[in-house]
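A.B. asks: Sequence below, structure please.
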Amino acid sequence: MLSKKYLVLPLFTLLLAFASCEDNTPSPVPNVIINRSFNIGAPENASLNAVGGYIIVPGEGYGGLIVVRATYEDMYAFDMQCTNDPIDVAGRTTENGLLLECGKCGSQFISVSGQVAQGPASLPLKGYKTSFNGQIVYVTN
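C.D. replies: The predicted model follows:
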C-alpha cells in the first residue's frame, strides 16, 4: 500500500501546474501611458454614478478609453481599440451601452468586462488599472 505522502506530492504538483495556467497572451494593442482621474460628481461624468453607467474618453489610451461602473464599488477601464485589427477603433456603442462594436470587422466586446461577445476578435479589449475612492476614479497602467 502506498503511503499518503507519496500521493500528496503528485496531487500538489498537478494543482500547482493547473493554477499557473492562465492566459498570458499579450494584447496586440500598443502600450501607451495613461494616468487620468475622473470625478463622478462632475456633470460630464455623471453617468458613472449608476451601476452600468459609462463614459467614453476619446484621445486617451491608444484607441479611446471607456470607463464603466460594473458594481457599486467596482470601476473598469478599457482601451477601445479592436484587438482583431489594431488599426481600427472598436468605439461604436450599441443603443444599450452594453456592447462596443468594431466598425471594420464587426467584433463585439462586452463593455463591463472587455471580453469578446462576438468575433472575429479572439482577445479581450486591453484593460487598464482602476481604483475608486467613492468620488474619484483613477485610471493608470
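
A.B. asks: Might you report the residue contacts of residue 36?
C.D. replies: 57, 60, 65, 138, 139, 140 (CB atoms under 8 Å, 6 or more residues apart in numbering). From N, CA and C alone the C-beta is placed, and that goes for glycine too.

A.B. asks: That one: what secondary structure?
C.D. replies: Following DSSP: H, G, I helix; E, B strand; the rest coil, we place residue 36 in the strand state.

A.B. asks: ok, what's across the strand from it?
C.D. replies: Judged by DSSP bridges, the bridge partners of residue 36 are residue 139.

A.B. asks: got it, and residue 78?
C.D. replies: Per DSSP bridges, the residues bridged to residue 78 are residue 66, residue 127.

A.B. asks: Just give me the neighbour total for it.
C.D. replies: Residue 78 is flanked by 30 other residues according to other CB atoms under 10 Å.

A.B. asks: pretty sure it is touching residue 64, no?
C.D. replies: No. Residue 78 is not in contact with residue 64 according to CB atoms under 8 Å; the separation is 9.5 Å.

A.B. asks: about what we covered before: columns distance to residue 33, pLDDT and neighbour count on top of the contacts of residue 36, output as a markdown table?
C.D. replies: Output for those, formatted as a markdown table (distance: CB to CB, whole Å; pLDDT from 0 to 100; neighbours: other CB atoms under 10 Å):
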| residue | distance to residue 33 | pLDDT | neighbour count |
| --- | --- | --- | --- |
| 57 | 15 | 92 | 18 |
| 60 | 10 | 91 | 20 |
| 65 | 13 | 91 | 23 |
| 138 | 14 | 98 | 16 |
| 139 | 11 | 97 | 23 |
| 140 | 9 | 96 | 13 |
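
A.B. asks: All good on my end, thank you.
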